[in-house]
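Visitor: make a model of this:
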Amino acid sequence: MYIKRSKCIWRVVDGETIIIGEDGEWFHVLNEVGTEIWNCADGAMTVEEIILKICQEFEVEESTARQDTAEFIRILSEKGVVEFKENVKRE
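Guide: Residues are numbered from 1 along each chain as shown. Take a look at the predicted model:
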């Protein structure tokens with residue numbers, strides 16, 4: 001499961017999520033789909049569950065959702081704003 005890093009700075013402005021790098025040197029504005037993936041990165045959902053949610057909410061094919069979600073999470077991980085946790089306790 002992926003979770004947002006606690007030191008990550010982010011805000012929702014006019015329905016779009018803005019993520020600011022820890023050093024303040026970069027920012028990333030997320031569209032509606034990116035915002036939904038970001039909101040799901042709380043340790044409560046697996047990547048597979050996030051993909052299925054994206055398919056249902058945005059009516060996209062699973063292969064597209066899978067590829068786009070994996071790429072998006074990879075980018076967020078490289079930027080250091082999400083991290084993979086294996087032993088997150090689910091409620």
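
Visitor: I'd like the distance between residue 72 and residue 24.
Guide: To residue 24, residue 72 is 22 Å away according to C-beta to C-beta, to the nearest Å. (Each C-beta comes from the backbone N, C-alpha and C, glycine too.)

Visitor: who's more crowded, the two?
Guide: The residue with more neighbours, out of residue 72 and residue 24, is residue 72; 19 against 8, by other C-beta atoms under 10 Å.

Visitor: surely that one meets residue 31?
Guide: No - between residue 72 and residue 31 there is no contact under C-beta atoms under 8 Å: 10.2 Å.

Visitor: mind listing the helices for this structure?
Guide: 32-40, 47-58, 62-78 (DSSP state H).

Visitor: out of those, the one nearest residue 5 is which?
Guide: helix 62-78 (9.5 Å; C-beta to C-beta).

Visitor: grab the most central residue of the chain for me.
Guide: residue 38 (2.9 Å; C-alpha atoms, centre = their mean).

Visitor: now that residue. Nearest residue, chain neighbours left out?
Guide: residue 17 (5.3 Å; C-beta to C-beta, 6 or more residues apart in numbering).

Visitor: give me the number of neighbouring residues for the one you found.
Guide: 19.

Visitor: what's opposite it in the beta bridge?
Guide: residue 12, residue 30 (DSSP bridges).

Visitor: I'd like the distance between it and residue 47.
Guide: For residue 17, the distance to residue 47 - C-beta to C-beta - is 18 Å.

Visitor: repeat for residue 56
Guide: Residue 56 is 15 Å from residue 47, by C-beta to C-beta.

Visitor: then residue 3?
Guide: Residue 3 is 12 Å from residue 47, by C-beta to C-beta.

Visitor: try residue 40
Guide: 9 Å.

Visitor: and the two? Which one has more around it.
Guide: The neighbour comparison of residue 40 against residue 47 (other C-beta under 10 Å) goes to residue 40, with 20 against 17.
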